[in-house]
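coords please:
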Amino acid sequence: LTRHSTMVVGPTGGGKSVCLDCLAAAQKKAFGLPTYLLPLNPKAIPTDELYGVLDPATRDWTDGLLSKIFREMNLPPPADKPC
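Have a look, this model is predicted:
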């Protein structure tokens, strides 16, 4: 069980996506847990946009893409919608 993220690396056509899809399906079948895959290419996003940035003048934090994804994923499920 992974709480936040997993990085899968390998050559093009090496079966990375198939492997992840298989693991997600197995987790759902074995444990009945919903599994969400949010693939992204970190090389396609500038570092500040990926992780977030602290403004040195105001000390305000601006969330990056990963911060926003983690916050969304850790919100409690709505009461009217079971897991």
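
make sure Q27 is indeed in a strand.
No. Looking at Q27 with DSSP: H, G, I helix; E, B strand; the rest coil, it is helix, so not inside a strand.

how about the nearest residue to it, chain neighbours excluded?
Nearest non-adjacent residue to Q27, counting by CB to CB, 6 or more residues apart in numbering: T35, 5.2 Å away. C-beta: built from backbone N, CA, C; applies to glycine.

report how many residues lie close to that neighbour.
Neighbour count for T35, taken as other CB atoms under 10 Å: 15.

give me the three-state assignment for it.
Applying three-state DSSP: T35 is coil.

could you report the pLDDT at it?
Per-residue pLDDT puts T35 at 82.

just the one 5 residues further on next, same as before
Per-residue pLDDT puts L40 at 84.

likewise for the one 4 residues further on?
Confidence at A44, expressed as pLDDT, is 91.

now swap in the one 10 residues further on and tell me
As summarised for this prediction, L54 has a pLDDT of 95.

tell me what it is bridged to.
With DSSP bridges applied, L54 shows beta-bridge pairing to W61.

what's it in contact with, if anything?
Neighbour list for L54: D60, W61, T62 [criterion: CB atoms under 8 Å, 6 or more residues apart in numbering].

sketch out the low-pLDDT regions of the protein for me.
1-5, 81-83 (pLDDT under 70).

switch the cut-off to 80
1-7, 33-34, 77-83 (pLDDT under 80).

including neighbour count and distance to N74, could the contacts of L54 go into JSON lines?
JSON lines is the format used below for those (neighbours: other CB atoms under 10 Å; distance: CB to CB, whole Å):
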{"residue": "D60", "neighbour count": "9", "distance to N74": "22"}
{"residue": "W61", "neighbour count": "11", "distance to N74": "17"}
{"residue": "T62", "neighbour count": "11", "distance to N74": "19"}
